[in-house]
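> Just to be clear, the model below is a prediction. Sequence and coordinates:
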Amino acid sequence: MKFLKQIKALLEGVFIVFKHLFKKSVTLQYPEERPVVPEKFRGGHTLNGCIGCGICRKVCPCDAITIENEGKNVTSYKINLRKCMFCGNCQYYCPVSAIKLGKKFELATAFEEELQVELVNDSNKSKEDNK
Ligand code: SF4
Ligand code: SF4
């Protein structure tokens, strides 16, 4: 009886292997193959049309945002990705939808200074992206 159970388990295993032989592979050959990023993914920030009101900085739970501005003229907008937890508060509370969490996900780096990202206000790219 025990022997029959073992044979049954073995056949089930073989059946599962054969079933998956003819299915499309779920493994992605990253980085050659690029993943489809979900619509609501919260990745690297973009800035466009910021008026320097500072609300994003106030609602950020991690104190990750630094803004320098003269009135509505924003001279510097930095996000510290070492602190940021990608909660989306800055995007949610921005009154003019200037700050957005984009689909950029390759943010890992070996250099801490690269985690201090300066965003350019008049485009949708960070200064690092402008390379
Ligand atoms: S996503 Fe959250 S933690 Fe990151 S900068 Fe915005 S408010 Fe701060
Ligand atoms: S990103 Fe939005 S909330 Fe933050 S300072 Fe600019 S306008 Fe204000």
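Perfect, thanks for sending it. Ligands and ions are numbered 1, 2, ... in the order given.
> Please make it C-alpha for all contacts and neighbour counts, starting now.
Will do.
> Show me which helix runs longest in this protein.
Longest helix in the chain by number of residues, with DSSP state H as the criterion: helix 2-21.
> For stretch 24-42, which residues meet the burial criterion?
Using 16 or more other CA atoms under 10 Å as the test for burial, stretch 24-42 gives R42.
> still on that earlier bit, now the longest helix of the chain, how far from the chain's geometric center?
How far helix 2-21 lies from its chain's middle: 41 Å, per CA atoms, centre = their mean, to the nearest Å.
> and the helix or strand that it is followed by, which strands flank it?
Once helix 2-21 ends, the next helix or strand along the chain (criterion: DSSP states H and E) is strand 45-47. Applying DSSP bridges to the sheet, strand 45-47 is found paired with strand 99-101 (antiparallel).
> The nearest residue to Y77 once chain neighbours are set aside in helix, strand or coil?
By the measure of CA to CA, 6 or more residues apart in numbering, the closest residue to Y77 outside its immediate chain neighbours is I67, 4.6 Å from it. Under DSSP: H, G, I helix; E, B strand; the rest coil, the three-state class of I67 is strand.
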